[in-house]
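Enquirer: just a sequence and a predicted model for now, questions to come.
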Amino acid sequence: MIQLTNVYKSYQEQPALQGVSLSVSEGQCAVLIGPSGCGKSTLLKTINRMVDIDEGEVKVRGKAVQEYEPEELRRNTGYCIQGVGLFPHLSVSENIAMVPKLLKWPEDKIIPRVKLLMELSGLPLSYLDKKPHQLSGGEAQRVGVCRALAADPPILLMDEPFGSVDPLNREKLQQAFIALQKELRKTVLFVTHDVEEALMVGDLIFVMNQGKVVAEGTPGQLAGSMESAFAKEFLGKEYPMKLLKRYTARDLPMDSLPKDGGDITGSATEDMPLSLKNPPLTENSNLQQVLSRMLEENRTTLPILREDDTVRYITYGALVAHLKEMSQ
Amino acid sequence: MKQGNIKGWLGLLFMALALFLPIGTLRPNRILPGTTFHLYSLLKEPMAWAFVVLGLILMAFLWSLVIKGGKYTPALDVFPWILTLLPASLLTAIAKYETIEVVYDPEVVRISLSSGFWLGLMGTILILSTGKRKGFLFLLTFLFLLVPPLLGWTPHLALLKEFLIIKPTFFMELQRHLVLALVSVLLAILPGILLGYGCYRFQRGREWILATVNFFQVAPTLSLLALVMIPLTLLSQAYPVLADWGIRGIGFAPAFIVLFCYCLLPITANTYAGFDQVEQEVTESAVAMGMKSNQVFWKVLFPLAFPVILSGVRTAVTQNLGNTILAGLIGGGGMGALIFLGLSQSASDLVILGTLPVVLFALIADEFLRRIEITAHYKMGGTYDSAHQRV
Amino acid sequence: MNMKKKWTALFLVLLLLLTVGCGSGNTEAGNGEEAAPVVVATMLDSEGGILGKMMILLLEENGISTVDKTNFGTPDILRKALENGEVDLVLDYTGSGQYYHPADATDPTIWNDPDAGYALTAQLDLEKNNIHWLAPASANNTEMIAVTRAFAAENNLVTMEDLANYINEGGDFKLICSASFAENQMGLLGYEEAYGFKLTNQQLITLSSGNTSEMLKALATGTNGVNASLVYGTDGALDEMNLVVLQDPMHIPPVYLPAPVLRGDKLEQYPAIPEILAPAFEALTLETLQELNAKVAYDGRDAASVAEEFLKNEGLLP
């Protein structure tokens, strides 16, 4: 879907991109991560020609971006920035409906689309007529995402979209985005400097430094050995621990009976009582919570309460095996 | 209410001064300055007593406001309405002043209004402005002021006498004044906005544009008038067709040109500021959505800059209404014709007669445009106060 | 919606003002093809108002349509307007010829002779600008010096010579006049030379305009210690203001007779104008004009009704 080959870009004498090559397939969420000034925002902007490259090739759907009319390219590319940039003089619904209106969609197509997007991003319909200055930072960014997706573009570009939101709301926004992406399966290019955000949100991560891609891979793969010392340092020593947050109990194989290995109080029977001290974990609990609980209760098998109220068991071994699998 | 308190006290101070300063001038003829008289000499007039009583009531109310800390009584609502009658009754009282020492020719004698009256009027306005519905109350005060002269209760009032002399030309000149002032602003809006947009887009041109429009404001208007008249005269002599259209070296044309240039600065500078204050993220989003340049301008930049531009137009209108007075010097008519005629004949009341409409219209235009501006700010998602703090 | 309504209202009001204003502007520009009206303009003083209205009334009575621009502007603006055709008929003074044609007016004594001065000005203007000077009034609106009656009585002042003696003996003196009079060889300087006195700067207050009502007001009230003022021969109400003019037997300043001045092209269109205006100007003696001026400047009556009254009394108007 998106392909960059040997892209170079300089501002006056300052080089921003020095030979970047990467490729993103359809439906993937690729994250560009790196320190400030590494060129990730510039790279993002070459996709919708907000920035024009000096050398190299940028292809969208097999066609070089120069071959598209800039306006046509941009109308088919969603764009979310940190400050959101909602139009202060228009209501929420008018903001969201902007690109469809530019594309001259009929009114009866626009209204349901706006409502659908708001539902998907968790905004109450009562917000339709509100003005941007009445929204909180998090709400504004949700509107920004809706606006970017309004005309159903195949590609979504996001430049540190959750950067100006407080940590609690940021996590909520990340979850909302993940849910949205699951539903819509857009091709996303996501820029951030936050490692945790990257591994939560991304299917594919590109680590950049000084205008070059120094490491790439799935979040799991980046936990393994790496050539780039910089990437290793940037991701940090606690990277594997952080990675645990990305996966949930659902990703692990579950047994109906506790397997051997570890201390278990009582005999192994089907109706083994759940631990009464702490509330049981669910399928949605992430692996960091699972591991913490295992350490806390000093056992290598944990009961999981499923949605249908049945109990299954996961083991420490399965957890480790899963991680190993992800890092291939 | 804090700010209101200051206004209230100031108004009260002015009205107190009105008691002590000369309130009117009795003039035996049009030229001589005459003798002044004070409020206490009016006290044989019943109208003057009305004023004194009203004044005392006013003092009592304001005092109770301050001492009791603004406790509400129904009478407080009625009071401003009564206050609107005050200037009119004072006017009537003054105009009925009679002197018993010397006999004057009733046709020729006239009574001018002095500082005491004007301060009393200002004080009334200030006190009224602390309450609700001030726009309506101001209007009411003004209308009441017109009633005594219209009903013939003030035959010796100098302003009235001057008005009656010049009545046929008064309204014609007033209309000319308004046309000259307003049309020049109207026509300057489009170029002003274009120049402002130019400042916003082209950084190199910005200094040149701003310096040029600033020059027209800074240079003395009278000199500009003189400068413009010379080429216009030559032009109209070389191409007589221009003269048929009314473009000559004197009169309407040079005044119009100078006024037009003069109001370019507030409009241009405000347009530029208006565009500049649009947040960068907003314009970036607009471009990234695939809007063409003109779409970005019409859908985003212009609506958001509009309230600020309107503020510039408001400034230009009030400035122009005042500046148009100078057109009277070069045969362009307007209220300036009255003012300069009065100056040359040393008839100060004619000068006042010419000045008052200009002041009045400037105040009305300012208030009218200000209200539209507030609505515009609100619609564009901001507030008037926040914008004026920033800009 | 509310804002749109306000906008349309404002727009309509402005449009209305514009059309009416431009409409009235157009009629003044004289856009008639058949018989273009005569644009009459005079200076910014009471005499300009009276004589201007007088000319208009006479022309209208005789079927010539006019455009009223009395009290148009300062003298130089007025002259310029006449020269470039913006106005057609003005009131001017014979002595002004010295300013309009300085190169030709080499002999200053001409200007003291009423007939010679008039003849020269008329001739020069006709030759150079096709501007015609019509029959003047006999009222000499020349520049003189006035003092209060009390002051004159106190110091036995009747002529300029008496004044010269008074000044030379160190008497307290302050004159208020226009700048052009103070610097003029045929004005104050001429007086000084002829009668043998010299005023110091402290004894002089000069104003930029030549309008005497301010000066006379200052003299009457004694502002700033003024005890003498420039006055024009036809200034009214000198009597009521208790002022008296000092006689000038040597006739120093030039003679200024008011006369109608008409552009040649308008004269061709309306050849009857000189005869229409002549009898009125003939009837304007110095005393008559003083009386008329007093009524406007002093009594505050309007110029049009004063002019009408005068014409009716002279039988020039029914």
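Expert: Cool, the structure landed.
Enquirer: and C:Gly95, what does it touch?
Expert: Going by CB atoms under 8 Å, 6 or more residues apart in numbering or on different chains, C:Gly95 touches C:Trp111, C:Gly117, C:Thr142, C:Pro253, C:Pro254, C:Val255, C:Tyr256, C:Leu257. (Glycine included, C-beta is placed from N, CA and C.)
Enquirer: let's see if you can find the most crowded of those residues.
Expert: For those, the largest neighbour count, defined by other CB atoms under 10 Å in any protein chain shown, is 27 neighbours, found at C:Pro254.
Enquirer: name the helix or strand for the residue nearest to C:Asn112 when sequence neighbours are not counted, please.
Expert: Nearest residue to C:Asn112, sequence neighbours excluded (CB to CB, 6 or more residues apart in numbering or on different chains): C:His251, at 5.2 Å. Using DSSP states H and E, C:His251 sits within no helix or strand.
Enquirer: follow-up on the earlier one: narrow the contacts of C:Gly95 to those in helices?
Expert: Residues of the contacts of C:Gly95 located in helices (DSSP state H): C:Gly117.
Enquirer: pull the most distant pair out of the contacts of C:Gly95.
Expert: Farthest-apart pair in those is C:Pro253 and C:Leu257; separation 12.7 Å (CB to CB).
Enquirer: next, C:Ala137: secondary structure please.
Expert: Counting by DSSP: H, G, I helix; E, B strand; the rest coil, the backbone at C:Ala137 sits in coil.
Enquirer: could you pull up phi and psi at it?
Expert: Dihedral pair for C:Ala137: phi -90, psi 160, per degrees, to the nearest 10.
Enquirer: so for the nearest residue to it once chain neighbours are set aside, what's the pLDDT?
Expert: Distances taken as CB to CB, 6+ apart put C:Leu284 closest to C:Ala137, at 3.8 Å, once the chain neighbours are dropped. Here, the pLDDT recorded for C:Leu284 equals 89.
Enquirer: what's the answer for the one 5 residues further on, then?
Expert: Confidence per residue is given as pLDDT, and for C:Leu289 that number is 89.
Enquirer: in what helix or strand does it lie?
Expert: Per DSSP H and E: C:Leu289 is located in helix C:286-293.
Enquirer: and A:Glu71, that one's in a helix?
Expert: Yes: assessed by three-state DSSP, A:Glu71 belongs to a helix.
Enquirer: OK, contacts around the closest residue to it other than its chain neighbours?
Expert: Nearest non-adjacent residue to A:Glu71, counting by CB to CB, 6+ apart: B:Gly290, 4.3 Å away. If you count contacts by CB under 8 Å, 6+ apart, B:Gly290 has them with A:Pro70, A:Glu71, A:Glu72, A:Leu73, A:Arg74, A:Arg75, A:Asn76, A:Val99, A:Leu102.
Enquirer: isn't there a helix covering B:Gly290?
Expert: No: the assignment for B:Gly290, made by three-state DSSP, is coil rather than a helix.
Enquirer: once you drop chain neighbours, what's closest to C:Asp162?
Expert: Nearest residue to C:Asp162, sequence neighbours excluded (CB to CB, 6+ apart): C:Asn156, at 6.3 Å.
Enquirer: swap in A:Val213?
Expert: Using CB to CB, 6+ apart, the nearest residue to A:Val213 is A:Phe206, at 5.0 Å.
Enquirer: same check on B:Leu140?
Expert: In space, and not counting its chain neighbours, B:Leu140 is closest to B:Thr84: 4.5 Å by CB to CB, 6+ apart.
Enquirer: domain-wise, how is the chain divided?
Expert: By default, I'm working from chain A. Each domain of chain A is listed here as a residue range: A:2-235, A:249-326, per automatic domain parsing.
Enquirer: please go with chain C instead
Expert: Domain segmentation of chain C under automatic domain parsing yields C:37-140+C:256-313, C:143-245.
Enquirer: surely B:Phe260 is in contact with B:Leu190?
Expert: No: assessed by CB atoms under 8 Å, B:Phe260 is found out of contact with B:Leu190, at 11.4 Å.
Enquirer: which one's more surrounded, the two?
Expert: Shown here are B:Phe260 and B:Leu190; by other CB under 10 Å, B:Phe260 has more neighbours (20 against 10).
Enquirer: secondary structure element for C:Pro260?
Expert: Using DSSP H and E, C:Pro260 falls within strand C:258-263.
Enquirer: give me the sheet partners of that strand and which way each runs.
Expert: strand C:89-93 (antiparallel), strand C:131-133 (antiparallel) (DSSP bridges).
Enquirer: name the next helix or strand downstream of that strand, please.
Expert: Next helix or strand after strand C:258-263 toward the C-terminus (DSSP H and E): helix C:264-269.
Enquirer: quick one: the helices in the chain?
Expert: In the absence of a named chain, this looks at chain A. Going by DSSP H, chain A shows helices at A:40-47, A:70-75, A:92-96, A:98-102, A:107-120, A:137-149, A:167-184, A:195-201, A:229-235, A:239-243, A:287-297, A:316-326.
Enquirer: nope, chain C
Expert: Taking DSSP H to define them, one finds helices in chain C at C:2-28, C:46-61, C:75-83, C:97-100, C:114-129, C:149-155, C:160-168, C:179-182, C:188-195, C:212-221, C:264-269, C:273-283, C:286-293, C:303-313.
Enquirer: quick one, domains of chain B?
Expert: B:2-156, B:163-390.
Enquirer: I'd like the mean pLDDT over stretch A:287-306, please.
Expert: Mean predicted confidence for stretch A:287-306 is 83.
Enquirer: same thing with stretch C:298-316?
Expert: Average pLDDT, stretch C:298-316: 87.
Enquirer: ok now that stretch, how far from the chain's centre?
Expert: 17 Å (CA atoms, centre = their mean, to the nearest Å).
Enquirer: can it be found next to chain B?
Expert: Yes: using CB under 8 Å from any CB of the partner chain, stretch C:298-316 reaches chain B at C:Tyr298, C:Asp299, C:Gly300, C:Arg301, C:Asp302.
Enquirer: quick one: contacts of that stretch?
Expert: Under the contact criterion CB under 8 Å, 6+ apart, stretch C:298-316 has outside partners B:29-31, B:105, B:107-108, B:110, B:161-162, B:164-166, B:347, C:46, C:49-54, C:57-58, C:61, C:70, C:236-237, C:240-241, C:279-280, C:283, C:288, C:292, C:295-296, C:317-318.
Enquirer: dump the residue contacts of B:Gly332.
Expert: B:Gly332 is in contact with B:Arg176, B:Leu180, B:Ile250, B:Gly251, B:Phe252, B:Pro254, B:Ala255, B:Phe256, B:Thr324, counting by CB under 8 Å, 6+ apart.
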